[in-house]
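J.: A predicted structure for the sequence below; I have some questions about it.
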Amino acid sequence: MITVENLSYTVANTCILKDISVTLPKGGITALIGPNGAGKSSLFSHIARLLPLQTGRISVEGLEVSPSNRQALSRKLAILPQEVHFATRLTVKELVQFGRYPHCQGRLRSEDHAMVTAALEAFGLMSLADRFLDTLSGGQRHKAHVAMTYAQDTDYLLLDEPLNNLDIAASRALMALLRRLADEEGKTIVIVLHDINFAAQYADHLVVLKDGCIEREGKPAEMVTGALLADVFGTDAQVAVVDDTPFVMP
């Protein structure tokens, strides 16, 4: 599990995160949701050690994130931030191979090649393996980045808004694949989402942020209600239930 204790974060005298304490369960999919500016990506970035810790403590199964050796942490957490910059003249296979760096420091062994192949197969990228990134669609390129994260072969996958710029078919396919990784491979996936319906359908646990605080947390079926939409998102949209899953009506 991931434990966050008394985390606060301030930028230019503005408090972005306010004394957050939360435990993200091991196994399944935990979605961080909330309105724009709620602090979702800031919380994510602290867990991923993309932002320096100002106050508080974060640990992953007892390993403290802030003082940990980078290699030790990268064997526990695989991270995909919102923006990833790689040379466009890399092939898809070369990009995915970067996921093995914590294990082999660039000198791929047979087990590393096997994991790269498994990632390409899992994400349906074998036919694109030798294509350069700049010849792909945005959705294909995005999928390749997620495959790179998977190839790192950690128990925890952290993905910050991975559905950005994906159409509905690509979004559904990616979330279904993440659901399978959680169910069949025991992965713990922490994901920042803007779309509450995707969170309600695919996540096991929701953490709702508002104004830099944890507003509430729990199972989607219990959390996604008209009251949540009014109190947290400031909208009066209706919630229907489809196959026991709450659905926010447009």
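T.: Noted; the coordinates are in hand. All values derive from a computational prediction rather than experimental measurement.
J.: Flag every buried residue along the helix or strand where residue 7 lies.
T.: Element membership of residue 7 [criterion: DSSP states H and E] is strand 2-11. Applying a neighbour-count criterion of 16 or more other C-beta atoms under 10 Å, one finds 2, 3, 4, 7, 9 buried in strand 2-11. Every C-beta, even on glycine, is put in place using the N, C-alpha and C of the backbone.
J.: Stretch 31-45 too?
T.: Under the neighbour-count criterion of 16+ other C-beta under 10 Å, stretch 31-45 has 31, 32, 33, 34, 38, 39, 40, 41, 42, 43, 44, 45 buried.
J.: with the residues you listed in mind, which one is nearest to residue 224?
T.: Within these, proximity to residue 224 (C-beta to C-beta) peaks at residue 33, which comes in at 9.1 Å.
J.: could you point out which element follows the helix or strand harbouring residue 184?
T.: Here residue 184 sits within helix 168-185, counting by DSSP H and E. Next along the chain after helix 168-185, taking DSSP H and E as the criterion, comes strand 188-192.
J.: what helices or strands is that following strand leaning on?
T.: With contacts defined as 3 or more C-beta pairs under 8 Å, 6 or more residues apart in numbering; DSSP states H and E, strand 188-192 has these neighbours: strand 28-33, helix 40-47, strand 156-160, helix 168-185.
J.: Low-confidence bits of this structure, can you list those?
T.: Judged by pLDDT under 70, the chain has its weakly predicted residues at 68, 85-88.
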